[in-house]
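# dropping a prediction and its sequence here:
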Amino acid sequence: MLQQCQTTIFPCDRMIEPDALRALCQRIIQSGELGRSKTYAAILDYLVEQAIAGSTPKEVAIAMDVLGRDSDFDVGKDSIVRVHVYHLRNKLSAYYARYGRDEPWRIDIPKGQYMLTASHNGENREGDAVSDVVVERPRERRGLLAVALALVAIALLLLDLWQGRTQAPRVASVNPFAATRLWRPLLDDDLPILILVGDYYIMGETDAAGNVRRMVREFDINSRNDLLKTQREGRAHDYMNLDLSYLPTSVAPALAQVLKALGPETVGKRVQIKLMSKFSTTDLVGRHVVYLGYLSGLQGLTDLAFAASGLAFGMTYDELYALDDNTLYDSSSGLSIGETSYRDYGMLSTFPAPAGNQFVIIAGMRDEGLLNLSEEVTSLSSLRTLEAAVPAVQDAKNSAFEALYEVLGYDGTNFDAKLVYKQPLDTQVLWESRLIGGQ
């Protein structure tokens, strides 16, 4: 809605030319502060043009005109517009805090509204009154439009009071994990999220008559295609495909825990779950990828997860050592004879791909490490502690770091957990390595 110079509410020097407003909008978009998603830029462009046209759009109009929703879109059931506008409001504030200190104008979106407001930069502080975006327009139309909009506003207010509908507007539920360095890259755009669950491919070992004697697991045979390839190479002829796999007991509760960070407030995001035994390299394109399972179940993601890592496997998948000082981290879970105490580890790693999609690796050596790690990555206080411990790369648009958590327990119950290793990751090393860059 446009306030005009004829009104006495705002002085005439609070006017911004349409071209200046559009140019400001483009500077905000080009700063990168809106993230990779084109949706926020589209909503901002839309609100700018609506302001120039003297119109205040409805929530359903934004859903249809910008987000491509159908005419039967129900604002009472779908809060996607409110969530996107909430994030856009915060991104505008971040732009002015980071890049826009010298901007002559500051634009904002008032809470509970879908229009732009403008003030001279430096005046719009918390609690200060702000003006609507003021665009210089022909004087005759300005006066008529201001009067018409005022009459409509008064009529709607009277109607609302008469019908007794004085309830406060619904507030969109916003995912608090979208503000953390770990989860922000996955929640800050429109890309779908793929969760790869680390299962184990099981084959049948046959006797001379072709009967299955027992079920077996081979770490280098992770799918039916792997088995066929191995058999073509002249090996594993006594193995039979059973279309069977199993999950470690910790995966289901860990998955339920991680889904807390991804929904249900993750409006507009599509989350798919897939077994690692069904994984193909095409799954890594055009979506964010979260791996959840054992370190030994990484399979086709192993080289990627360790390409730039400061950690490496020891003699088994239950051992990791730090490359800089050879500190050994070895799990005793399931290995202590006659004892019920244990020590286990969970490895967290996150990094962006060249195309902008993000990888998150949540892997335990054993069940205890995975369960503890799933709790650490879904605890806002734990994530804040991790963020304070791992320095962020200045002006980085994506997160790139790794961490290792140690958990101590007794008789199947985790008691003490702590962060024992952390470091930022060099994505240039990751994607220029021969493991990845040459493919």
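Ah, there it is.
# list the contacts for the nearest residue to Asp102 once chain neighbours are set aside?
For Asp102, ignoring the flanking residues on the chain, the nearest one in space by CB to CB, 6 or more residues apart in numbering is Asn121 at 7.9 Å. (Each C-beta comes from the backbone N, C-alpha and C, glycine too.) Contacts for Asn121 were tallied using CB atoms under 8 Å, 6 or more residues apart in numbering; they are 96, 100-106.
# name the nearest of the residues you listed relative to Gln257.
For those, the closest approach to Gln257 (CB to CB) belongs to Tyr96, at 36.3 Å.
# check which helices and strands the helix or strand in which the closest one is found sits against.
Remark: Tyr96 resides in helix 80-98, with elements defined by DSSP states H and E. For helix 80-98, the packing partners by 3 or more CB pairs under 8 Å, 6 or more residues apart in numbering; DSSP states H and E come out as helix 38-53, helix 59-65, strand 105-108.
# what sits against Asp65?
Applying CB under 8 Å, 6+ apart to Asp65 gives the contacts 46, 57.
# go on, the one 10 residues further on?
Val75 sits next to 59-60, 63, 81 when contact means CB under 8 Å, 6+ apart.
# same thing but at 10 Å, please
If a contact means CB atoms under 10 Å, 6 or more residues apart in numbering, then Val75 has 58-60, 62-63, 69, 81-82, 170 as its contacts.
# then Val216?
With contact set as CB under 10 Å, 6+ apart, Val216 has these partners: 202-205, 236, 238-239.
# and what of Gln423?
308-311, 322, 324, 389-391, 401-404.
# am I right that it falls within a strand?
Yes. Counting by DSSP: H, G, I helix; E, B strand; the rest coil, Gln423 falls inside a strand.
# any idea how far it is from Gly76?
Using CB to CB, to the nearest Å, we find Gln423 at a distance of 47 Å from Gly76.
# now, which of the contacts of Gln423 sits nearest Leu227?
Comparing the contacts of Gln423 against Leu227 with CB to CB picks out Ser309 as the nearest, at 29.2 Å.
# circling back: closest to Gly293 out of the helices and strands packed on helix 80-98?
For those, distance to Gly293 was read as CB to CB. The smallest value, 31.8 Å, belongs to helix 38-53.
# in that closest one, which residues are buried?
If you call a residue buried by 16 or more other CB atoms under 10 Å, then helix 38-53 has these buried ones: 39-48, 50-52.
# and which of these is nearest to Lys111?
Within the buried residues of helix 38-53, distances to Lys111 taken as CB to CB reach their minimum at Leu47, with 14.6 Å.
# right, and Leu259 touches Ile273 too?
Yes. Shown here, Leu259 and Ile273 form a contact pair, counting by CB atoms under 10 Å, at 9.0 Å.
# who has more neighbours out of these two?
Neighbour totals were compared for Leu259 and Ile273, and Leu259 leads with 17 against 13 (other CB atoms under 10 Å).
# circling back to that earlier point, Thr378 is nearest to which of the helices and strands packed on helix 80-98?
Set against Thr378 and scored by CB to CB, these come closest in helix 38-53, at 25.6 Å.
# what segments of the protein are helices?
Counting by DSSP state H, the segments of the chain that form helices are 18-30, 38-53, 59-65, 80-98, 139-163, 184-187, 224-232, 251-262, 302-306, 367-376, 380-389, 427-432.
# now the residue nearest to Asp102: how far from Thr282?
When distances are taken as CB to CB, Asn121 and Thr282 turn out to be 47 Å apart.
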